[in-house]
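In: give me coordinates for this.
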Amino acid sequence: MQKKSKALLGLASAFIISSALPNLAKADQLTLCWAAWDPANALVELSKDFTTKTGTEMKFEFVPWTSYADRFLNELNSHGKLCDLIIGDSQWIGGSAENGHYVKLNDFFDKEGIKMDDFVPATVVGYSEWPKNTPNYWALPAMGDVVGWTYRKDWFERPELQKEFKEKYGRDLAAPKTYDELKQIAEFFQKREIDGKTVYGASIYTERGSEGITMGVTNVLYDWGFQYDNPDKPYEMEGFVNSPDAVKGLEFYKALYDCCTPPGSSNVYMVESADAFKSGQVAMQMNFAFTWPGLYKDEKVGGDKIGFFPNPAEKKHFAQLGGQGISVVSYSDKKDAALQYIKWFAQPEVQAKWWQLGGYSCLKSVVNAPDFASSQPYAQAFLDSMAIVKDFWAEPSYATLLQDMQKRVHNYVVAGNGTAQEALDGLVKDWTEVFKDDGKI
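Out: Numbering: from 1, shown residues only. All right, here's what the predicted structure looks like:
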């Protein structure tokens, strides 16, 4: 398989170097803005081929996730010229489209033969479309991502733990298929001693300041039956956001937090969750799929010691969508050259190399290739996860909607204030005010 992958890389590189990109618009330099994380480093490496082909130097402006939204939304809202290209979060698409921050790409896609049908449908809806489920495109799907799970496969496979678990629960100790199974496993490992060290059940998202706890709790809420609004009447949220099933889902998330997380888990997001796993604290950890390549390569917990599984199911089966699309900033003085970067990035050969370098391609020809599922140990879990994605509001007022949910959910789950019913009732009230102010109710 390694030889096959290397051969694919060689073919991709050869194609990039030898083929022509006609009608290139010239620019000395383009600046691409994104978050500072491992996939961004992979994109820097990939983009060297674009510079070789076009002579256009690529400059990158990467900022930490904790300041990513504030930094670049402020840049867009001020009509700044820092970014020629931006890989913006999926929830930004509505506001960026309606406020004129992004160049609409329909005519460009038509001209260059770039077809959205060639990309995984969920990523087109999540990263490119506004309004949702309409053929209006403001980004090219760039980085597929989704919340999933890793687990200590080496711990799960220990004969003595297998025996004890089966005697207690009547089933094998294996990657959970439902949240009830996940909680049982987390309880089984909580405060257990392994190799002379006290370990804990699971690391889950609880961060309050940006989006963390929302990106975590939605995975559970969706599976219990939470909906953002009435499917037949947009923005009607009463009985959907705060339905009896949604309340049970929120109660479950709090129960999981209370029973089975390590001490000091009140402000956990991507970095903290990965660190808990890498340090050997937890049997399982919730995290976005972008973390999986680095964890697999980790000398202490990777390789044969790590396993991957998609978000478990309950009454329903969903996973919180992550990831982003790449857009041309409408305030750039180099829009034509920026469009050529998108044209280059959309090529199947470039997308294949993107996956090999550590990015998550959204192109069907890459993810549906016969050898994709076996190309990396986490590839199948990624495919299974992307098949069940659901996203947060992408409304222009998404930032306020997000802040409301962060506050309500964190106050209940972590701070222990009030009940789940009160938290979700309050969220309906908050969101109703937002949509009234927007003139949508």
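In: burial of the nearest residue to residue 344 once chain neighbours are set aside, as a residue count?
Out: Leaving aside its chain neighbours, residue 344 sits nearest to residue 50 (5.2 Å; criterion: CB to CB, 6 or more residues apart in numbering). Just so you know, the C-beta spots here come from the backbone N, C-alpha and C atoms, and that holds for glycine as well. Neighbour count for residue 50, taken as other CB atoms under 10 Å: 20.
In: next, the contact list for residue 50, please.
Out: 56, 58, 341, 344-345 (CB atoms under 8 Å, 6 or more residues apart in numbering).
In: mind doing that once more with 7 Å?
Out: Residue 50 is in contact with 56, 58, 341, 344, counting by CB atoms under 7 Å, 6 or more residues apart in numbering.
In: make a markdown table out of those and add distance to residue 276, pLDDT and neighbour count.
Out: Formatted as a markdown table, the contacts of residue 50 follow (distance: CB to CB, whole Å; pLDDT from 0 to 100; neighbours: other CB atoms under 10 Å):
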| residue | distance to residue 276 | pLDDT | neighbour count |
| --- | --- | --- | --- |
| 56 | 41 | 97 | 21 |
| 58 | 35 | 98 | 19 |
| 341 | 37 | 98 | 24 |
| 344 | 39 | 98 | 19 |
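In: wait, is the residue nearest to residue 344 part of a strand?
Out: No. Using DSSP: H, G, I helix; E, B strand; the rest coil, the secondary structure at residue 50 is helix, not a strand.
In: now do residue 222 against residue 441, distance only.
Out: 23 Å (CB to CB, to the nearest Å).
In: who has more neighbours, the two?
Out: residue 222 (25 against 14).
In: next one: that one from residue 318, what distance?
Out: 4 Å.
In: what's next to stretch 103-119, contact-wise?
Out: By CB under 7 Å, 6+ apart, stretch 103-119 touches 124, 128, 136-138, 140-141, 328, 330, 335, 339, 343, 346, 362-365.
In: mind checking the pLDDT average for it?
Out: Averaged across stretch 103-119, pLDDT comes to 98.
In: next one: stretch 251-258
Out: pLDDT averaged over stretch 251-258 gives 98.
In: now do the buried residues in that stretch.
Out: For stretch 251-258, the buried set under the neighbour-count rule, 16 or more other CB atoms under 10 Å, comprises 251-254, 256-257.
In: over to stretch 262-270?
Out: 262, 265, 268-270.
In: same check on stretch 98-112?
Out: Neighbour-count burial for stretch 98-112, with 16+ other CB under 10 Å as criterion, is recorded at 101-105, 108-109, 112.
In: now for those residues, which pair is the farthest apart?
Out: Pairwise distances across the buried residues of stretch 98-112 peak at 21.9 Å for 101 and 112 (criterion: CB to CB).
In: so what touches stretch 223-237?
Out: With contact meaning CB under 7 Å, 6+ apart, stretch 223-237 is reached by 179, 240-241, 243, 245-246, 248-249, 252, 313-318, 393, 428, 431-432, 435, 440-441.
In: now swap in stretch 177-194 and tell me
Out: 155, 165, 169, 176, 198-202, 220, 223, 252, 256, 259-260, 283-284, 312-314.
In: which ChimeraX command selects the buried ones in those residues?
Out: To isolate in ChimeraX the members of those that are buried, counting by 16+ other CB under 10 Å, one can use:
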select :155,165,176,199,200,201,202,220,223,252,256,260,283,284,312,313,314
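In: before we move on, the earlier item: pick out the most distant pair among the contacts of residue 50.
Out: 58 and 344 (10.8 Å).
In: can you list the domains in the protein?
Out: Domains of the chain are assigned by the TED database as 29-145+323-386, 147-320+394-438.
In: out of the contacts of residue 50, which are inside strands?
Out: Among the contacts of residue 50, the ones falling in strands (DSSP state E) are residue 58.
In: distance to residue 278 added to the contacts of residue 50, as JSON lines?
Out: Compiled in JSON lines, these are given as follows (distance: CB to CB, whole Å):
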{"residue": "56", "distance to residue 278": "38"}
{"residue": "58", "distance to residue 278": "31"}
{"residue": "341", "distance to residue 278": "34"}
{"residue": "344", "distance to residue 278": "35"}
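In: out of the contacts of residue 50, who's nearest residue 35?
Out: residue 58 (16.4 Å).
In: from residue 48, how far off is the closest one?
Out: Taking CB to CB, one finds residue 58 at 8 Å from residue 48.
In: so for residue 351, what's the pLDDT?
Out: 98.
In: pretty sure it contacts residue 363?
Out: Yes. Residue 351 is in contact with residue 363 according to CB atoms under 7 Å; the separation is 4.3 Å.
In: contact partners for the nearest residue to residue 423 once chain neighbours are set aside?
Out: In this structure, residue 423 finds its nearest non-sequential neighbour in residue 412, 4.0 Å apart by CB to CB, 6+ apart. The contact partners of residue 412, by CB under 7 Å, 6+ apart, come to 250, 254, 418, 420, 423.
In: how about residue 334?
Out: Taking CB under 7 Å, 6+ apart, we find residue 334 in contact with 27, 30, 84.
In: how about the residue nearest in space to the middle of the chain: what's its closest non-neighbour residue?
Out: Nearest residue to the geometric centre of the chain (CA atoms, centre = their mean): residue 322, 2.0 Å. Computed as CB to CB, 6+ apart, the closest residue to residue 322 that is not its neighbour in sequence is residue 145, at 3.4 Å.
In: same check, this time on residue 65
Out: residue 35 (5.2 Å).
In: so the one you found touches residue 70, yeah?
Out: No. Assessed by CB under 7 Å, residue 35 is found out of contact with residue 70, at 11.9 Å.
In: more neighbours: which of the two?
Out: Taking other CB under 10 Å, residue 35 and residue 70 do not tie; residue 35 has more neighbours (22 against 12).
In: against residue 122, how distant is the more buried one?
Out: On the measure of CB to CB, residue 35 and residue 122 end up 21 Å apart.
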